[in-house]
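Chemist: my questions are about this predicted structure, shown below with the sequence.
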Amino acid sequence: MSIEQPAWWTSAVVYQIYPRSFADSNGDGMGDLGGILGKLDYLAELGVDVLWLSPIYESPQHDNGYDISNYQDIDPVFGTLEEFDTLLAGVHEHGMKLVMDLVVNHTSNRHPWFIESASSPENPKRDWYWWRDAREGFAPGERGAEPANWGSAFSGPAWTLDPASGQYYLHLFAPEQPDLNWENPEVRGAVHSMMNWWLDRGVDGFRMDVVNFLSKNPALPDGRVPAGQLWGDGSPHFMSGPRIHEFLHEMALAVFDGRDADLITVGEMPGVTIDDAKLFTDPARRELDMVFQFEHVSLDQGPGGKWDYRGLDLLDLKTSWNRWQKGLAETGWNSLYLNNHDQPRLVSRFGDDADFRYESATLWAALLHLHRGTPYIYQGEELGMTNVPFTSVDDFQDLESVNWFREATTELGVTESAALAALRIMSRDNARTPVQWSDAPHAGFTSGTPWLTVNPNYTTVNADADRASEKSVYRFYQQLIALRHDNEVVRLGRFEMQQEDHPTLYAFTRTLGARVIRVLGNVSGNELALPDLQETGGSSGLLLGHYDAGSPDRLRPWEVCILESN
């Protein structure tokens, strides 16, 4: 990619759909493909270019579809393969693309590959997964007998004993999600064949889940046990492991080489560094188009990790985003996001969802979309949907949340009230409640009983009400998307942070030739007198804002202004 020949996705905006919570067409309380099909006009009107579907493959749904038992069929919860083909055709007819969520670090333990692998140590597929004997000096099943001391992302050890063989298998997530052994070329070949099958069917690319976990250190050594934790941190031995670049390059050649369609590949990569991201997204290396990194959505967490919530320091965020903008300025490309199915709602986490919900929701949207990179919108974000006032642990369905609550309250000494408070802020279920379409029962999401409770504020926060309001988050997102489509400076301009040490002002410029866009955001609920800012270019005019015209030397609470000069 170059400025002379920019890739198509530099001007694109991606919209993530979590299908089970998007729209239900048959009244069973679960979102489905028919529900998505019925909302294509809404999405096309918003202006997005790409729809990314969280997993819809056949699955036991232990982790809401991220445990796949058949890569080449649709789970009946969502519909059929024929209905998928109808949806895909409809997406294309509306001028949009469709990207599948691909989970190939692990499968379900009910995938035929794992069933064969677990059937016998002599089975030809035994080496398709990571099997190891108990630690020397321990009997299988004893505490400490695990082959390595790694902890699972969903609490507990990352190893589960198979009583029949006396060996353990590795699962970086739930025991129902055993990790594939990418050291085995047969595994890689099977995955490539499956990916080609979907591309031949007409999908437009893949978002690949924890794709930098594919290459493990084959020795599987112990990890350091962080203070206050029960298990070791194995991430140095599987995050961006020794053969990851080889594996991704091989995938690019086997799956994407020779295709003339406008496709996209996105790698979700926890713990990825800027130096690694440059390699992953350097077009000359032919690995991925862009990566999801997690640095900026970890800044409000203390030493105890995700559940040790400390609140956001804007200076930390400015430092992080500035590093990534500068780091990938010449080589590579940024994915821009603050919301997704794994993150709590943006306006509750970083904004003010009470007194300034519209203003803070649109401020964060503007700051994100005006950076250099491809913006991602998560369903409901364009409506300013908020976190949920969960009252009991019984309200939660997210596997990560429920497991952590149990471990924290029984083994780590956390009180139930403190654990529940952490869940309310950071649980993934905050993002997974049904989309609020109207003030009808269950927010118009379903005519039945929703699989997860609807946020009680749906009577006022919903698509119908927002689009009819003078203060419409949806319409502001429309304007931001149109701006990226129409303005070359937004797509390709050089990024320069201003006032890096200011605690509440987020200010930066985007420059392309003589054209300059300046973005000024007041990330607070107080009025802000603007400091002296170095002027670039000629006189500036307001390109986009969300308040009525105001003073040129101050910003109102959560106000953002996008100015352009030539």
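Modeler: Perfect, thanks for sending it.

Chemist: partners of the residue nearest to Leu533 when sequence neighbours are not counted in the sheet?
Modeler: When the adjacent residues along the chain are set aside, Leu533 lies closest to Gln498, with 5.9 Å between them (Cβ to Cβ, 6 or more residues apart in numbering). Bear in mind the C-beta positions are built from the backbone N, C-alpha and C, glycine included. In this entry, Gln498 is beta-bridged to Ala507, by DSSP bridges.

Chemist: how many other residues sit next to Gln498?
Modeler: Neighbour count for Gln498, taken as other Cβ atoms under 10 Å: 18.

Chemist: need the longest helix for this structure.
Modeler: Longest helix in the chain by number of residues (criterion: DSSP state H): helix 185-201.

Chemist: which strands or helices does that one pack on?
Modeler: Counting contacts by 3 or more Cβ pairs under 8 Å, 6 or more residues apart in numbering; DSSP states H and E, helix 185-201 packs against strand 70-74, helix 244-251.

Chemist: for Ser193, find the nearest of these.
Modeler: Taking Cβ to Cβ, strand 70-74 is the member of the helices and strands packed on helix 185-201 nearest to Ser193, at 9.6 Å.

Chemist: neighbouring strands - and their directions - for the closest one?
Modeler: Applying DSSP bridges, one finds strand 70-74 paired with strand 57-58 (antiparallel).

Chemist: related to what we said a few turns ago, most packed of the helices and strands packed on helix 185-201?
Modeler: helix 244-251 (a mean of 19; mean count of other Cβ atoms under 10 Å).

Chemist: list the contacts of that one.
Modeler: Contacts with helix 244-251, where a contact means Cβ atoms under 8 Å, 6 or more residues apart in numbering, come from 182, 188, 191-192, 195, 211-212, 214-215, 267, 279-280, 285-288.

Chemist: do you have the helices of the stretch 451-566 of the chain handy? List them.
Modeler: Assigned by DSSP state H, counting those that start in this stretch, the stretch 451-566 of the chain shows helices spanning 463-468, 473-486, 488-492.

Chemist: need those in a markdown table with mean neighbour count, can you?
Modeler: As requested, the helices of the stretch 451-566 of the chain are exported to a markdown table (neighbours: other Cβ atoms under 10 Å):
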| stretch | mean neighbour count |
| --- | --- |
| helix 463-468 | 17 |
| helix 473-486 | 19 |
| helix 488-492 | 19 |
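
Chemist: pipe the ones you listed into TSV and attach distance to Ala419 and mean pLDDT per row.
Modeler: Output for the helices of the stretch 451-566 of the chain, formatted as TSV (distance: least, Cβ to Cβ, whole Å; pLDDT from 0 to 100):
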stretch	distance to Ala419	mean pLDDT
helix 463-468	33	98
helix 473-486	32	98
helix 488-492	43	96
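
Chemist: nearest to Asn70, out of those?
Modeler: Closest among these, using Cβ to Cβ: helix 463-468, at 33.5 Å.

Chemist: what's the closest one packed up against?
Modeler: Using 3+ Cβ pairs under 8 Å, 6+ apart, helix 463-468 sits against helix 473-486.

Chemist: contact partners of the helix it packs on?
Modeler: By Cβ under 8 Å, 6+ apart, helix 473-486 touches 11-13, 45-48, 358, 361-362, 365-366, 369-370, 375, 377, 381-384, 463, 466-467, 490-491, 543-544, 546, 562.

Chemist: please apply the same query to stretch 59-77.
Modeler: Here stretch 59-77 makes contact (Cβ under 8 Å, 6+ apart) with 19-20, 30, 32-33, 54-58, 80-81, 83-84, 103, 106-112, 154, 173-174, 176-177, 194, 197-198, 209, 399, 432.

Chemist: can you do 6 Å?
Modeler: 30, 55-58, 80-81, 84, 103, 107-108, 110-111, 174, 176-177, 194, 197, 399 (Cβ atoms under 6 Å, 6 or more residues apart in numbering).

Chemist: show the buried residues in those.
Modeler: 30, 55-58, 84, 103, 107-108, 110-111, 174, 176-177, 194, 399 (16 or more other Cβ atoms under 10 Å).

Chemist: now, which of the residues you listed lie within helices?
Modeler: Short answer: the buried ones among the contacts of stretch 59-77 in helices (DSSP H) are Phe84, Met194, Leu399.

Chemist: can you lay out the helices and strands packed on helix 185-201 as JSON lines showing mean pLDDT?
Modeler: Output for these, formatted as JSON lines (pLDDT from 0 to 100):
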{"stretch": "strand 70-74", "mean pLDDT": "98"}
{"stretch": "helix 244-251", "mean pLDDT": "98"}
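
Chemist: distance to Phe405 added to the ones you listed, as CSV?
Modeler: Converted to CSV, the helices and strands packed on helix 185-201 look like this (distance: least, Cβ to Cβ, whole Å):
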stretch, distance to Phe405
strand 70-74, 31
helix 244-251, 33
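
Chemist: the ones you listed: which one's closest to Phe138?
Modeler: The closest of the helices and strands packed on helix 185-201 to Phe138 is helix 244-251. By Cβ to Cβ, the value is 31.1 Å.

Chemist: how about Leu420, secondary structure?
Modeler: When classified by DSSP: H, G, I helix; E, B strand; the rest coil, Leu420 comes out as helix.

Chemist: and it, how many neighbours?
Modeler: 19.

Chemist: which pLDDT value does the model give it?
Modeler: Listed pLDDT for Leu420 reads 91.

Chemist: what about it, distance to Ala153?
Modeler: 21 Å (Cβ to Cβ, to the nearest Å).
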